[in-house]
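**Student:** quick one: sequence and predicted model below, then my questions.
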Amino acid sequence: MFFVVLRHETIFFLTMKQISLLVIAILFCSSPIFAQEEYMYQSSADSLRRYENKRYHNALTITPLTFPAGKLPKNVILFIGDGMGLAQVFAAQTANLGALNITNLPVSGFSMTQSANDYITDSAAGGTALACGKKTNNGAIGIDEHGNALKSLVHLSENKGLSTGIVCTCALTHATPASFVTHQKSRKMYEPIAEDFLDTDIDVFIGGGSNYFMKRKDGKNLVDSLKTRKYDVVYNIHDIQTSRADKLVGLLDTVHLPRAEHRNDMLSKSVTKAIKILKYNKTGFFMMVEGSQIDWGGHANDTHYIVNETLDMDKAVGEALEFAMRDGNTLIIVTADHETGGMALMKGDSATGKIEAAYTRDDHTGSPVPVFAYGPGAELFTGMYQNTEIFNKIVNLLQLKSK
Ligand code: MG
Ligand code: ZN
């Protein structure tokens, strides 16, 4: 399979014969897949490893960098980049000309992601560790390895009178968001998981998965129940932005949302809106935001997919950060449930935003993942610790355990 090196200086030295070959190569590569993408490399498995950014965003300069020791946050915003290891983060940083909001966060550490029954976690056990503070078996959501139901950061926050929110780019019933609301032996119980949202008091939840709320095999329409409970239920980003309700559900796709290139900044717009609603609680709020599809880019060994999804989440981090810097009482944590793809960076140039990666597998790996933090209590996130410690630190900082 051939590919094209589109560096201007290289093209300059090509002979006429080589140029005509080049033109044929470009035409050959103009498959429907190629046409969908706005990037130049998307035509062969080999080209999936290369990425060149065309849309940079500004990374914020953070002030203040430190807070008085022992100061507790009122609000916590936890970002989970599904499958986002250090290589994924630095690939995005390189693509964004050397700067990200995520890597500008002043405190960093590492989280060990192993599950109760496997060195390699899946997103259900990984999500449960972060959401509920217990290592569990792969596939299980919100229960420990013996099947006992666990309280998540959302449940504990609600108990303390905080407002809560969940925003993601997959179906709301998918493993990571589900870990914060449900107790299921299997992550595949999408319809029961959707019902469990009605067992919580989440103020805002935005993502995909309307099918599991409205087009269910059991015929129930959960949207009616949500409306009875005073939620404004909307189906597009415009209605999210213009909603005046203080309880908001955004079901933005039947199952998962499309890829970042086709989501029109849905994640950062939704985070901005969610903060607007949640911040009115004087006791504070907890929100989980997931960059759900970084993982899917990793499974596909697709550098474009990984980098675009990571950049998309970084923009949402920027929105949260802008609020946190104004507010002064908000802790932002950015981490992952595990790494996906065994991604290694082979070539890169932060002057041009080009990156080339290699992959060791098309599944999750056991590598520790980075943790970045900003705000009161951020200093607790240095060092290397188990993923369950992220839960414990948040519980302590928000003083959630009622016992
Ligand atoms: Mg996920
Ligand atoms: Zn995965």
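**Tutor:** Great, that's in hand. In this text the structure is predicted, and so the values were computed from the model without any measurement. Ligands and ions are numbered 1, 2, ... in the order given.
**Student:** what's the local residue count around Gln399?
**Tutor:** For Gln399, the number of neighbouring residues by other C-beta atoms under 10 Å comes to 10. C-beta coordinates here come from the backbone N, C-alpha and C atoms, glycine included.
**Student:** for Leu222, same thing?
**Tutor:** By the criterion of other C-beta under 10 Å, Leu222 has 20 neighbours.
**Student:** same check, this time on the one 4 residues further on
**Tutor:** Applying other C-beta under 10 Å, we find 20 residues neighbouring Leu226.
**Student:** make sure it is indeed in a strand.
**Tutor:** No: going by DSSP: H, G, I helix; E, B strand; the rest coil, the assignment for Leu226 is helix, not a strand.
**Student:** check what pLDDT it gets.
**Tutor:** We have a pLDDT of 97 for Leu226.
**Student:** swap in Arg55?
**Tutor:** Looking at Arg55, its pLDDT stands at 78.
**Student:** just the one 4 residues further on next, same as before
**Tutor:** Note for Ala59: predicted pLDDT of 94.
**Student:** excluding residues flanking it in the chain, which one is nearest it?
**Tutor:** Nearest non-adjacent residue to Ala59, counting by C-beta to C-beta, 6 or more residues apart in numbering: Ala99, 3.9 Å away.
**Student:** next one: Thr272
**Tutor:** Leaving aside its sequence neighbours, Thr272 sits nearest to Glu319 (C-beta to C-beta, 6+ apart; 4.8 Å).
**Student:** next, the one you found: secondary structure please.
**Tutor:** helix.
**Student:** and it, what does it touch?
**Tutor:** Shown here is Glu319, whose contacts under the criterion C-beta atoms under 8 Å, 6 or more residues apart in numbering are Ser268, Val271, Thr272, Ile275.
**Student:** could you redo the last one with a cut-off of 7 Å?
**Tutor:** Shown in contact with Glu319 (C-beta atoms under 7 Å, 6 or more residues apart in numbering): Ser268, Val271, Thr272.
**Student:** ok, and the most crowded of those?
**Tutor:** In terms of neighbours by other C-beta under 10 Å, the contacts of Glu319 top out with Val271 at 27 neighbours.
**Student:** ok, it touching Lys315?
**Tutor:** No: judged on C-beta atoms under 7 Å, Val271 makes no contact with Lys315 at a distance of 9.0 Å.
**Student:** residues in contact with the longest strand seen in the chain?
**Tutor:** Longest strand of the chain, by residue count under DSSP state E: strand 163-171. Residues from elsewhere that reach strand 163-171 (C-beta under 7 Å, 6+ apart): 154, 157-158, 172, 176-177, 180, 202-209, 212, 255-257, 263, 267, 270-271, 274, 278, 281, 285-293.
**Student:** in what helix or strand does the residue in the stretch 101-250 of the chain positioned nearest to ligand 1 lie?
**Tutor:** Using C-beta to the ion, Thr176 is the residue of the stretch 101-250 of the chain that sits closest to ligand 1, at 3.2 Å. Secondary structure from DSSP states H and E places Thr176 in helix 175-178.
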